[in-house]
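1. Okay, sequence plus prediction incoming.
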Amino acid sequence: MIRVLVVDDDFMVAKVHSGYVARTSGFEVVGVAHTGADALRAVDDLRPDLVLLDIYLPDMDGVSVLRALRSTPGPDTDVIVISAATDVDTVRAAMRGGVLHYLIKPFSYAALYDQLRHFASLHARLAELSEAGQSDVDQVFGARPSGASALPKGLTAETLRLVAAELRASDPDLSAAECAARTSLSRVSARRYLEHFVTTGQAEVRLRYGGTGRPERRYYWLST
């Protein structure tokens, strides 16, 4: 399991982000901090593999936390910034501090999911190597996701938005057959899009049992 520390001054936002991490396979939240000082202590005590770091903290800004992590001997940990700060100086400072990525709030679970899976793949890849060749380095530094989910072959962004709109509007849930009728897709295609939302953690499935035969899969959008 990849151990994650969530740092955010807003208790509810920290809870949401912790939920995002918890439902991503291979990751676990080992701690939550709401101030810069608490974050530094938590890194020292808990030794997480990854820190999700907010910029706006009550005692010190996230860039100062990042600099403290990089300037003192201690546990190695990687950092992804999660913040509403959009000024270029802050983004540049985070980049110079060696963050893996910079996610601007608010963001969807899918955006964070991409970054976590990317981190997991790098974590696994580097663990296999005793020495890195150029192709390995190119893979590590050249395969950074943009924050938007890459779609499986055969799925399009336009149709994905259409299915998402129907799924969000469903009350309380939606079957593949119902989705197909509302979007003019085939049932097979509608189910592929619905299952994609399940895979990325944006939707979940309820099973409706009838008298005989297989239970019907019904999809519902997750409000978080």
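-> Yep, it's here.
2. use CA for all of it now, contacts and neighbours both
-> Noted.
3. which residues in the protein form helices?
-> For the chain, the helices defined by DSSP state H cover 11-22, 36-46, 62-71, 88-96, 109-128, 134-142, 157-169, 176-183, 187-199.
4. how's this structure carved up into domains?
-> What automatic domain parsing lists as the domains of the chain is 2-142, 157-221.
5. now those as TSV including mean neighbour count and mean pLDDT?
-> Shown next, in TSV, are the domains of the chain (neighbours: other C-alpha atoms under 10 Å; pLDDT from 0 to 100):
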stretch	mean neighbour count	mean pLDDT
domain 2-142	17	88
domain 157-221	16	88
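6. looking at the helices of the chain, which is closest to Trp221?
-> Nearest to Trp221 among the helices of the chain is helix 157-169 (5.6 Å), distances taken as C-alpha to C-alpha.
7. Which elements pack onto the closest one?
-> Using 3 or more C-alpha pairs under 8 Å, 6 or more residues apart in numbering; DSSP states H and E, the elements in contact with helix 157-169 are helix 176-183, helix 187-199, strand 216-221.
8. Residues touching the second one, excluding its own?
-> The one in question is helix 187-199. The contact list for helix 187-199 (C-alpha atoms under 8 Å, 6 or more residues apart in numbering) reads Leu155, Leu160, Val163, Ala176, Ala177, Cys179, Ala180, Ala203, Glu204, Val205, Tyr219.
9. give me that answer again for 10 Å
-> Residues outside helix 187-199 that contact it (C-alpha atoms under 10 Å, 6 or more residues apart in numbering): 24, 110, 151-152, 154-156, 159-164, 167, 174-186, 201-205, 217-222.
10. wait, which of the helices and strands packed on helix 157-169 is closest to Phe119?
-> Per C-alpha to C-alpha, nearest to Phe119 of the helices and strands packed on helix 157-169: helix 187-199, 17.6 Å.
11. With just CA atoms, put that closest one into PDB.
-> Output of helix 187-199 as PDB, limited to C-alpha atoms (Å, rounded to 0.1, in the frame of the first residue of the first chain):
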ATOM      1  CA  ARG A 187     -26.900  -0.900 -24.900                       C
ATOM      2  CA  VAL A 188     -23.400  -2.300 -25.200                       C
ATOM      3  CA  SER A 189     -21.900   1.100 -25.700                       C
ATOM      4  CA  ALA A 190     -23.900   2.700 -22.900                       C
ATOM      5  CA  ARG A 191     -22.700   0.000 -20.500                       C
ATOM      6  CA  ARG A 192     -19.100   0.600 -21.500                       C
ATOM      7  CA  TYR A 193     -19.400   4.300 -20.700                       C
ATOM      8  CA  LEU A 194     -21.200   3.600 -17.400                       C
ATOM      9  CA  GLU A 195     -18.500   1.000 -16.400                       C
ATOM     10  CA  HIS A 196     -15.800   3.600 -17.200                       C
ATOM     11  CA  PHE A 197     -17.300   5.900 -14.600                       C
ATOM     12  CA  VAL A 198     -17.300   3.000 -12.100                       C
ATOM     13  CA  THR A 199     -13.700   2.200 -12.900                       C
END
